[in-house]
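Engineer: One predicted model, sequence on top.
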Amino acid sequence: MHKVTLIPGDGVGPEIAGAVRKIFAAAQAPVEWEICLAGQAAIDQAGVPLPDATLNSIRQNGLALKGPLTTQIGKGYRSINVTLRQTFDLYCNLRPVQTITGIASRYQNINLVIFRENTEDLYAGVEHRVGLDAAESIKIITRKASLRIAEAAFQYAVKHGRKKVTAVHKANIMKLSDGLFLECVREVAGRYPQVAYEEVIVDNMCMQLVIRPETYDVLLAPNLYGDIISDLCAGLAGGLGVVPGANIGTECAIFEAVHGTAPDIAGKNIVNPAAMLLSGLMLLEHVGEQAVADRIRSAVGKVIAAGKTVTPDLGGTATTGDMTEAIIREL
Ligand code: NAI
């Protein structure tokens, strides 16, 4: 049995977390949940966005499944997501993007995985105002962080039979920072001669992804470019409702859907539970529970492909509860 911290989160979070719990229970997935608060729900109940009890639970279990959290823009508390990544040194943001049968997309056969460095770059939060009319944000790239994300990407490629790693950069302009990133990736690539390696400048990368996404396999990027191409790829594969993600460190891993709290549909029982469910399946795979993960994945795949009991974002009329029950029936 794996003890896992479950943070239902804000907005639609409790609805999708509830769906995942039901489906895991029906599949007899060997997971014991420890429910913890974060975000607005934690502010309302405990007065702080990230209570110590939640941090301790994640630290102890080393595993968490997290719903989306409200982050105020341009004011208020620091992003809890960024705080979690930094507290637990979750240096690797991993996002698999695959076309799913039954989901309307202009593209067929997308099957790529994005490795995004998760702790530094312009997200280090080193910013200041220079007088009234200027502001500066410092872009930080280090050898340590670049080497370990590159190592994670190449190790993954070998383990999963992936053929090619593409490093995404803008070293033609940011010669020092992105230049160091590339220097580190090349060093790691040299140790994996069995994996093809190429480099693509980020603007061209966006165009290539829109034109021929099926030719990419593993994408490796510093934080900002990784963030942007991650959402671009999510859009190519059919939207936010179906894309899972993981933030992985050496001591802990936190799995979460890519989408936010979807305040426009919160409480309406129409949110698509697939993205959080697929994130839960990444968690099961991470701890070696491949068989039960495969069984649930196949059930979700069948429900989406049939298209009869899917939520409105996938063109259906089903409620979250209907779609959850349909997945359980397929199990
Ligand atoms: P969002 O992802 O919450 O919503 C964008 C659009 O997609 C909305 O129309 C929403 O209804 C729809 N959508 C998202 N997930 C869906 C699902 N599973 N099923 C059906 N429709 C879905 O992005 P938005 O509106 O930019 O952000 C809302 C809040 O979420 C903000 O406070 C933001 O900071 C937070 N957020 C939190 C994240 C996290 O905790 N990991 C990630 C992204 C945003």
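Structural biologist: That came through fine.
Engineer: pLDDT-wise, which helix or strand of the chain ranks last?
Structural biologist: The helix or strand of the chain with the poorest confidence is helix 80-87; it has a mean of 86 (mean pLDDT, DSSP states H and E).
Engineer: Please identify the buried residues of it?
Structural biologist: Under the neighbour-count criterion of 16 or more other Cβ atoms under 10 Å, helix 80-87 has I80, N81, T83, L84, R85, Q86 buried. For every residue, glycine as well, the C-beta is placed using N, CA and C.
Engineer: what's near enough to touch the spatially closest residue to the second one that is not a sequence neighbour?
Structural biologist: Take N81 and drop its neighbours on the chain: the residue closest to it by Cβ to Cβ, 6 or more residues apart in numbering is L69, 6.4 Å away. Under the criterion of Cβ atoms under 8 Å, 6 or more residues apart in numbering, the contact partners of L69 comprise I7, G9, D10, G13, A38, G39, Q40, P49, I80, N81, T261.
Engineer: How about the closest residue to the ligand within the stretch 201-331 of the chain, nearest residue that isn't a chain neighbour?
Structural biologist: Closest residue of the stretch 201-331 of the chain to the ligand, Cβ to the nearest ligand atom: G260 (2.4 Å). Spatially, and ignoring its direct neighbours in sequence, G260 is nearest to P68 (4.8 Å; Cβ to Cβ, 6+ apart).
Engineer: Ramachandran coordinates for that neighbour?
Structural biologist: In terms of degrees, to the nearest 10, the main-chain angles of P68 are phi -70, psi 150.
Engineer: Give me the distance between it and A135.
Structural biologist: Per Cβ to Cβ, to the nearest Å, P68 is found 28 Å from A135.
Engineer: of the two, who's got more company?
Structural biologist: Shown here are P68 and A135; by other Cβ atoms under 10 Å, P68 has more neighbours (26 against 10).
Engineer: Could you double-check that L284 lies in contact with R295?
Structural biologist: No: at 9.9 Å, L284 does not count as touching R295 under the criterion of Cβ atoms under 8 Å.
Engineer: hang on, the earlier thing: so what secondary structure elements neighbour the next helix or strand after the least confident helix or strand of the chain?
Structural biologist: With elements assigned by DSSP states H and E, the helix or strand that comes after helix 80-87 is strand 92-98. Packing partners of strand 92-98 (3 or more Cβ pairs under 8 Å, 6 or more residues apart in numbering; DSSP states H and E): strand 111-117, helix 143-159, helix 223-236, strand 244-248.
Engineer: Break this protein into its domains for me.
Structural biologist: Per the record, the chain has its domains at 1-92+242-331, 105-237, by automatic domain parsing.
Engineer: Of the ones you listed, flag the one that's most buried.
Structural biologist: domain 1-92+242-331 (a mean of 19; mean count of other Cβ atoms under 10 Å).
Engineer: quick one: that domain to chain centroid distance?
Structural biologist: Using Cα atoms, centre = their mean, to the nearest Å, the mean C-alpha position of domain 1-92+242-331 is found 11 Å from that of the whole chain.
Engineer: can you check stretch 230-241 too?
Structural biologist: 11 Å.
Engineer: before we move on, what about stretch 177-185?
Structural biologist: The answer for stretch 177-185 is 23 Å, by Cα atoms, centre = their mean.
Engineer: what do you get for stretch 144-151?
Structural biologist: Chain-centre distance of stretch 144-151: 18 Å, with Cα atoms, centre = their mean.
Engineer: pLDDT on it, on average?
Structural biologist: In this model, stretch 144-151 has an average pLDDT of 98.
Engineer: sorry, back to before: and the pLDDT for the residue nearest to G260?
Structural biologist: We have a pLDDT of 95 for P68.
Engineer: Same check on V258?
Structural biologist: With respect to pLDDT, V258 has a value of 86.
Engineer: Am I right that it is in contact with A246?
Structural biologist: No: with contact defined as Cβ under 8 Å, V258 does not reach A246; the gap is 10.4 Å.
Engineer: Which residues are in contact with each of the two?
Structural biologist: R95.
Engineer: right, and S137 touches R129 too?
Structural biologist: No: if you go by Cβ under 8 Å, S137 and R129 don't touch, sitting 10.7 Å apart.
Engineer: Let's have the helices and strands packed on strand 92-98 in CSV, adding distance to A17.
Structural biologist: Listed next are the helices and strands packed on strand 92-98 as CSV, based on distance: least, Cβ to Cβ, whole Å:
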stretch, distance to A17
strand 111-117, 24
helix 143-159, 27
helix 223-236, 20
strand 244-248, 14
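Engineer: Please name whichever of these is nearest to V195.
Structural biologist: helix 143-159 (4.7 Å; Cβ to Cβ).
Engineer: Okay, now the sheet partners of the next helix or strand after the closest one, with direction.
Structural biologist: Next helix or strand after helix 143-159 toward the C-terminus (DSSP H and E): strand 164-169. Partners of strand 164-169 in the sheet, by DSSP bridges, are strand 196-201 (parallel), strand 218-221 (parallel).
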